[in-house]
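A.B. asks: just to be clear, the model below is a prediction. Sequence and coordinates:
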Amino acid sequence: MNYLTHQLLIQEEIEAFVQNLNKAKNLWEDGKLTAGSHASKVKNNLQLNKGSEISKKLSHLIKKKLLSNSLIKSFALPKTIHGIMFTKSLNNMHYGRHIDNPFMSSGRSDLSFTISLTDKNKYNGGELIIEEMNSEKEFKLNAGEIVIYPSTYLHSVKEIKNGERLVCVGWIESYVKSIEEREYLFDLDAGAKGLLAKNGRSDELDLIFKSYSNLLRLLGN
């Protein structure tokens, strides 16, 4: 499974994030300032100043939420969560087709994520488009929902026709670089945990957990 969507934030957390971001009216700046040379040509949005105290505080809270979520940890095997920023898209804004930089000052980008802080019914347009070899997937998230996907894919955000799209984005450097190897480990971990919940502990299940741990040790970096 190359993508993961999951409800990360509860309503109270979403409201707190939005209230804090709305107070930071003077800290929103042109999104091109942090884009790479290619992405800057197609990026048209606003982002919260990454050096501001409110950005650092909210980024820390997002990182804690990600690292405390067992499903996300199993899927992404995060070594480092980095580059977290908050972006805003208003009418006629968009982010054209691009690929994320493989290496950033904050870490390697194996996985990208978007967390919506706005309900999908509050704006028109603004769908996240992720391209695979012969197809593309379209995501429009509920408030508090996250999508995690490989940074190796071309992606874009459609133009906002009406309303406001407020999201948190960032990157994950995984202990396992390979998309396929992460998928094998995720399936093995999910299957073992399912068997444990259904049947309890057994000698056979101990062997599965042993194999998972040793595969992660072998494939990790």
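C.D. replies: Structure received.

A.B. asks: what are the phi and psi values for residue 205?
C.D. replies: Per-residue torsions, residue 205: phi -70, psi -30 (degrees, to the nearest 10).

A.B. asks: quick check: buried residues in the top helix by length along the chain?
C.D. replies: Across the chain, the helix with the greatest residue count (assigned by DSSP state H) is helix 179-199. Using 16 or more other C-beta atoms under 10 Å as the test for burial, helix 179-199 gives 179, 181, 182, 185, 186, 188, 189, 192, 193, 195. Using the backbone N, CA and C atoms, a C-beta is placed for each residue, glycine as well.

A.B. asks: what sits up against that helix?
C.D. replies: By C-beta atoms under 8 Å, 6 or more residues apart in numbering, the residues outside helix 179-199 that reach it are 1-2, 74-77, 150, 152, 174, 176, 205, 208-209, 211-212, 215-216, 219.

A.B. asks: just the ones of those in helices?
C.D. replies: The helices, defined by DSSP H, take in 74, 75, 76, 205, 208, 209, 211, 212, 215, 216, 219 from those.

A.B. asks: neighbours of the last one, how many?
C.D. replies: Read that as residue 219. Neighbours of residue 219 under the rule other C-beta atoms under 10 Å: 16.

A.B. asks: for the strand of greatest length in the chain, packing partners?
C.D. replies: Assignment by DSSP state E gives strand 78-89 as the longest strand of the chain. The helices and strands touching strand 78-89, judged by 3 or more C-beta pairs under 8 Å, 6 or more residues apart in numbering; DSSP states H and E, are strand 46-48, helix 53-67, strand 107-108, strand 165-174.

A.B. asks: can you rerun that using 7 Å?
C.D. replies: strand 46-48, helix 53-67, strand 165-174 (3 or more C-beta pairs under 7 Å, 6 or more residues apart in numbering; DSSP states H and E).

A.B. asks: the following helix or strand past it pairs with which strands, and in what direction?
C.D. replies: Next in sequence after strand 78-89, counting helices and strands by DSSP states H and E, comes strand 94-98. Next to strand 94-98 in the sheet, as set by DSSP bridges, lie strand 43-44 (antiparallel), strand 155-157 (antiparallel).

A.B. asks: re the thing from before, which among the contacts of helix 179-199 end up buried?
C.D. replies: Of those, these count as buried by 16+ other C-beta under 10 Å: 2, 74-77, 150, 174, 176, 208-209, 212, 215-216, 219.

A.B. asks: wait, which of those is closest to residue 32?
C.D. replies: residue 150 (24.2 Å; C-beta to C-beta).

A.B. asks: work out the gap between stretch 205-219 and the centre of the chain.
C.D. replies: Centre-to-centre, stretch 205-219 and its host chain are 26 Å apart (C-alpha atoms, centre = their mean, to the nearest Å).

A.B. asks: CA atoms only for that stretch, dumped as PDB, please.
C.D. replies: Provided in PDB are the C-alpha atoms of stretch 205-219 (Å, rounded to 0.1, in the frame of the first residue of the first chain):
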ATOM      1  CA  LEU A 205       3.500 -15.600  16.500                       C
ATOM      2  CA  ASP A 206       6.700 -15.000  18.400                       C
ATOM      3  CA  LEU A 207       8.600 -16.300  15.300                       C
ATOM      4  CA  ILE A 208       6.700 -13.800  13.100                       C
ATOM      5  CA  PHE A 209       7.500 -10.900  15.300                       C
ATOM      6  CA  LYS A 210      11.100 -12.100  15.400                       C
ATOM      7  CA  SER A 211      11.200 -12.200  11.600                       C
ATOM      8  CA  TYR A 212       9.700  -8.700  11.400                       C
ATOM      9  CA  SER A 213      12.200  -7.300  13.800                       C
ATOM     10  CA  ASN A 214      15.200  -8.900  12.000                       C
ATOM     11  CA  LEU A 215      13.900  -7.800   8.600                       C
ATOM     12  CA  LEU A 216      13.600  -4.200   9.800                       C
ATOM     13  CA  ARG A 217      17.200  -4.500  11.200                       C
ATOM     14  CA  LEU A 218      18.400  -5.800   7.900                       C
ATOM     15  CA  LEU A 219      16.600  -3.300   5.600                       C
END
